[in-house]
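**Student:** Need coordinates for the following:
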Amino acid sequence: MASASTTPPPRTRSNCSRTRRRPGPRPRSRARRCSSSATGRCPQSRRPRRRSRCRRSPVGRSAFCRPPYGSSATPTSGGESESEESPFGHQAHGGFDCSGFVWRVYKLETYPGEGNLGDVLRGRTTYAMSGEVSGTKRLPFAKLQPADVVFFGAHGPASKPAEVDHMGIYLGNGWFIHSSGYGVAVAQLSGWYRTHFAWARRPLAEAALSTG
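**Tutor:** Have a look, this model is predicted:
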């Protein structure tokens, strides 16, 4: 008898191993750069910048971002000096805030008649000194004279004493000296200062030291 054939049966799809699918293109991540924009960056990936609540001005950030200097105390005398015993502590030359600079010039420097000024400038802060003069005694811009104390507020002449946030001393010819965020400096009463000029007062006349 002839031997049985040992030839294996032909292969079919049923007994073949399944073919693996080729991986397709991966979806692009949003973090990748987009070619649609001119800069090549996706607008969705941009994060909004946080805007500072502090207003920029020639006075410097310290005049608008910090709370009123010495607002927690209402001393009747004192000011900035090199002495640790002063009501507001030690503060060297050139490091004054605006009201501390005016205080030193009028109350801590020695010159004839300074005693009378102590009765005129009673407050220590900008808000206090600006509110010591009534509406009839507030001087407009057109009547400024040297040595006048000038005040600046957010609403200009319509500002209230609580809205006055800067001050200085008028020198004449459109110039004044003040302590700003850059230190004690001389500046012109123009631009921001002219727009925000609130009013002025004349301490020398209030103390009967001048006829102005």
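
**Student:** where exactly do the helices run in the chain?
**Tutor:** 62-65, 98-103, 114-120, 126-131, 192-195, 203-206 (DSSP state H).

**Student:** Rounded mean pLDDT for the fourth one, please.
**Tutor:** Per-residue pLDDT over helix 126-131 has a mean of 89.

**Student:** for the last one, same thing?
**Tutor:** For helix 203-206, the mean per-residue pLDDT is 88.

**Student:** and for it, what are the contacting residues?
**Tutor:** 106, 117, 120, 121, 133, 137, 147, 149, 210, 211, 212 (CB atoms under 8 Å, 6 or more residues apart in numbering). All C-beta spots, glycine's among them, are computed from the backbone N, C-alpha and C.

**Student:** and the residue lying closest to residue 153 once chain neighbours are set aside, what does it touch?
**Tutor:** Leaving aside its sequence neighbours, residue 153 sits nearest to residue 159 (CB to CB, 6 or more residues apart in numbering; 2.6 Å). Counting by CB under 8 Å, 6+ apart, residue 159 makes contact with 151, 153, 196, 198.

**Student:** Those: which two are farthest apart?
**Tutor:** Put simply, by CB to CB the two of these set farthest apart are 151 and 196, 9.4 Å from each other.

**Student:** Between these two, which has more neighbouring residues?
**Tutor:** Under the criterion of other CB atoms under 10 Å, the comparison of residue 151 against residue 196 puts residue 151 first, with 28 against 21.

**Student:** gap between the more buried one and residue 102?
**Tutor:** As defined by CB to CB, to the nearest Å, residue 151 lies at a distance of 10 Å from residue 102.

**Student:** In the sheet, which residues pair with residue 149? Tell me.
**Tutor:** residue 169, residue 201 (DSSP bridges).

**Student:** Over to residue 180?
**Tutor:** residue 183.

**Student:** can I assume residue 190 is in contact with residue 173?
**Tutor:** No. Counting by CB atoms under 8 Å, residue 190 stays clear of residue 173, with 11.8 Å between them.

**Student:** circling back: list the residues that contact both of residue 151 and residue 196?
**Tutor:** With CB under 8 Å, 6+ apart, residue 151 and residue 196 have common neighbours 159, 166.

**Student:** before we move on, the earlier item: ok, residue 190 and residue 173, which is more surrounded?
**Tutor:** Remark: of residue 190 and residue 173, residue 190 carries more neighbours, 11 against 8, as counted by other CB under 10 Å.

**Student:** By pLDDT, rank the contacts of helix 203-206 and give me the bottom one.
**Tutor:** Per-residue pLDDT puts residue 211 lowest of the contacts of helix 203-206, at 63.

**Student:** If we ignore the residues flanking it in sequence, what's nearest residue 198?
**Tutor:** In space, residue 198 is closest to residue 153, 4.1 Å off (CB to CB, 6+ apart).

**Student:** Equivalent analysis for residue 155, please.
**Tutor:** Once flanking residues are discounted, residue 155 sits nearest to residue 163: 6.2 Å by CB to CB, 6+ apart.
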